[in-house]
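> got a sequence here, can you build the structure:
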Amino acid sequence: MIRKLSFAAVLLAATAMTGVANAKTLIYCSEASPAGFDPSPWSGGNDFDASSRTIYSRLVEFDHGKTTISPGLAESWTVSDDGLEYTFKLRPGVKFQTTDYFTPTRELNAEDVKFSFERQWKKENPWFEYLPGTGWEYFAGMGFPELLKEIVVVDPLTIKFVLNKPEVAFLPDLGMDFASIVSKEYADQLEKAGTKELFTQKPIGTGPFQFVDYQVDSVIRYAAWDGYYGGRQKIDDLIFAITPDPAVRAQKLKAGECHIMSYPAPADIAGLQADTNLKVEEQEGLNIGYLAYNTTQPPFDKVEVRKALNMAVNKQAIIDAVYQGAGQPAINPIPPTMWSYNTAIKDDPYDPEAAQKMLEEAGVKDLSMKIWAMPVSRPYNPNAQRVAEMIQADYAKVGVKAEIVSYEWTEYRERGKAKDRDGAFQLGWTGDNGDPDNFLFLLGCDAIGQSNYAIWCNDDFQKLLLAGKATTDVAERTKIYEQAQEVFKREAPWLTLAHSKVFMPMSKNVSGFVMDPLGIHRFDGVDIAE
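Residues are numbered from 1 along each chain as shown. From the prediction side, this is the model:
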């Protein structure tokens, strides 16, 4: 049995980490357990918060609260005139973390960078399948296997990426979580010992915090890494208190049992804003919540069936009941705050009578299907179970019988990728790099089996997706992506549900925490007044 720790016990354990009685401890009430601590195989925001944004670093980093990039592990870079070669000069003197299970004998070098990408790319690499049944979701879904031609170690502090074609978003892509740099020396040590699985259980990185321990489904503990190239953090100990229920997270924050919480329920926001001990930051989310039909399975392989099901759902009622003023109905697969958003596209109207007629004309009678409901709250959907119930009731009005299913969060996402998955799958997305491609790639052919839960491969859409990445002209890319949104709306692989506003409640004692448009929860630079 997993023993839950009280707030006092957590603080005591945190003090024991450093041995300092007045150590600064920050407790973050997170929403879900991570699938693991390797930042590259998974795509959940909670996975990234627990690994890539605490333990690891990347060649380039997104500026706090922005979608622009700055030097990270690479202090500079050059790009060839044809856009096919990117050469990075690594920052000298970067140290990997020293723990009770690994002591590095060298500093970061180009071999680490090469290994970090080739393990996700080359099937002959001994680490390509070190986690049975788990793929490299981002790397594959974003087309990196076809994009990369070669990764060359020029010298110990110089690495060159050679591409098969120009890729306008390549630099910001390298700031994303899957591009975190890992230790080849640590991997070699585990491979030699026959314990590769420890790579995701006992992580080693170059980031601001080092991993201490993980009590499954309860608590993750980190300590400030003294050797961090960006300087030691003001927080000594960082603790993730895993708390799936948003109401419980709010209670813990009000009681002082955590200092920051993720994703409050809309019904709790007013009470949190009224608490004089708290501050609640907010911003428009760069996100989309959706319902993905399995377009390979009858009758969802018919566009008229998908259109009819879209018209059966009262999205405004969902916005009113679930988002409670903190969301707006989604029309396109990208949010309206993003450049290239197509304002000319009209949404499928809510029209149950027309929906029922369309189903009958398509030969669909007595349809039974599944609606999948996420077990956790997300920034783009605060209550997937309630959304599923409302859609279920709407479907019933047009003669469709729907069963709601759900699973543990990691299992939920894996089951949703199955090509024979039944029904409509609830999920969503928060942008990773500020580029429209980062949303549209979710519907690309390369992302099937990874991030494309509609299992939709459309030639017209795919050609536009590739064309958009091949030019650097923003005006031309805008036209291309506007056309891609037209194809999407015509074919309806998703029911686009909502774009939400994001709220971040925290203690007034917290300073330096910056809300991020990319949905990142970063604790570097954060301080707390004890």
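> show me where pLDDT drops low in the stretch 201-350 of the chain?
In the predicted model, the stretch 201-350 of the chain carries no residue with pLDDT under 70.
> quick one, helices of it?
Secondary structure of the stretch 201-350 of the chain by DSSP state H, counting those that start in this stretch: the helices cover 246-254, 266-274, 303-311, 315-318.
> closest one to H521 among these?
helix 246-254 (13.0 Å; Cβ to Cβ). (Each C-beta comes from the backbone N, C-alpha and C, glycine too.)
> buried stuff in the lengthiest helix in the chain?
Counting residues, the longest helix found in the chain (DSSP state H) is helix 474-491. Residues of helix 474-491 classed as buried: 477-478, 480-489, 491 (neighbour count, 16 or more other Cβ atoms under 10 Å).
> quick check, nearest of these to D351?
Nearest to D351 among the buried residues of helix 474-491, with distances taken as Cβ to Cβ, is K489, at 16.0 Å.
> show me what contacts the nearest residue to that closest one once chain neighbours are set aside?
Spatial nearest neighbour of K489, chain neighbours left out: I345 (5.2 Å); criterion: Cβ to Cβ, 6 or more residues apart in numbering. By Cβ atoms under 8 Å, 6 or more residues apart in numbering, the residues touching I345 are 331-332, 485-486, 489.
> and E282, how far from I288?
18 Å (Cβ to Cβ, to the nearest Å).
> the two: who's more crowded?
I288 (26 against 14; other Cβ atoms under 10 Å).
> so what's the more buried one bridging to?
W429 (DSSP bridges).
> OK, contacts around it?
Here I288 is in contact with 330, 333-335, 380, 428-429, 439, 496-499 (Cβ under 8 Å, 6+ apart).
> got a markdown table for those, with neighbour count and distance to W372 too?
As requested, those are exported to a markdown table (neighbours: other Cβ atoms under 10 Å; distance: Cβ to Cβ, whole Å):
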| residue | neighbour count | distance to W372 |
| --- | --- | --- |
| A330 | 25 | 18 |
| P333 | 21 | 18 |
| I334 | 30 | 22 |
| P335 | 24 | 22 |
| Y380 | 28 | 15 |
| G428 | 24 | 12 |
| W429 | 24 | 16 |
| F439 | 23 | 20 |
| T496 | 23 | 16 |
| L497 | 27 | 13 |
| A498 | 25 | 16 |
| H499 | 26 | 20 |
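> okay if I get these as TSV plus distance to A247?
As requested, those are exported to TSV (distance: Cβ to Cβ, whole Å):
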residue	distance to A247
A330	26
P333	31
I334	31
P335	27
Y380	19
G428	21
W429	25
F439	30
T496	28
L497	22
A498	21
H499	24
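> nearest to F300 among these?
Closest to F300, out of all of the contacts of I288 and judged by Cβ to Cβ, is T496, at 15.8 Å.
> separation between the closest one and K489?
Relative to K489, and taking Cβ to Cβ, T496 is found at 9 Å.
> overlap in contacts, these two.
331-332.
> quick one: the strands in the stretch 101-250 of the chain?
Per DSSP state E, counting those that start in this stretch, the stretch 101-250 of the chain carries strands over the ranges 148-155, 158-163, 209-215, 219-224, 237-242.
> could you check how far stretch 466-475 is from the centre of its chain?
24 Å (Cα atoms, centre = their mean, to the nearest Å).
> tabulate the CA atom coordinates of it in CSV.
Provided in CSV are the C-alpha atoms of stretch 466-475 (Å, rounded to 0.1, in the frame of the first residue of the first chain):
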residue,chain,number,x,y,z
LEU,A,466,4.4,19.7,-45.7
ALA,A,467,4.2,22.9,-47.8
GLY,A,468,3.7,25.0,-44.7
LYS,A,469,6.9,23.7,-43.2
ALA,A,470,8.9,24.1,-46.3
THR,A,471,8.7,27.9,-46.6
THR,A,472,9.9,30.7,-44.3
ASP,A,473,7.6,33.3,-45.8
VAL,A,474,4.9,34.1,-43.1
ALA,A,475,2.4,35.4,-45.6
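> so where's the chain shaky on pLDDT?
1-21.
> scan it for its longest strand.
strand 494-507 (DSSP state E).
> before we move on, back to that, save the strands of the stretch 101-250 of the chain as JSON lines, and put in mean neighbour count too.
Output for these, formatted as JSON lines (neighbours: other Cβ atoms under 10 Å):
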{"stretch": "strand 148-155", "mean neighbour count": "14"}
{"stretch": "strand 158-163", "mean neighbour count": "20"}
{"stretch": "strand 209-215", "mean neighbour count": "19"}
{"stretch": "strand 219-224", "mean neighbour count": "23"}
{"stretch": "strand 237-242", "mean neighbour count": "24"}
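> please report the number of neighbouring residues for the closest residue to A384 other than its chain neighbours.
Distances taken as Cβ to Cβ, 6+ apart put M374 closest to A384, at 3.8 Å, once the chain neighbours are dropped. Burial measure for M374: 25 neighbouring residues, criterion other Cβ under 10 Å.
> what's near enough to touch M374?
381, 384-385, 406, 409, 412, 426-427.
> look up how far D301 lies from Y395.
18 Å.
> re earlier: max pairwise distance over the contacts of I345: which two?
I331 and E486 (11.6 Å).
> how far away is H64 from G525?
Where G525 is concerned, H64 sits at a distance of 7 Å (Cβ to Cβ).
> dump the buried residues of helix 474-491 into TSV; add distance to D446 as well.
Below are the buried residues of helix 474-491 laid out as TSV (distance: Cβ to Cβ, whole Å):
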residue	distance to D446
R477	18
T478	22
I480	17
Y481	17
E482	22
Q483	19
A484	15
Q485	19
E486	21
V487	16
F488	16
K489	21
E491	18
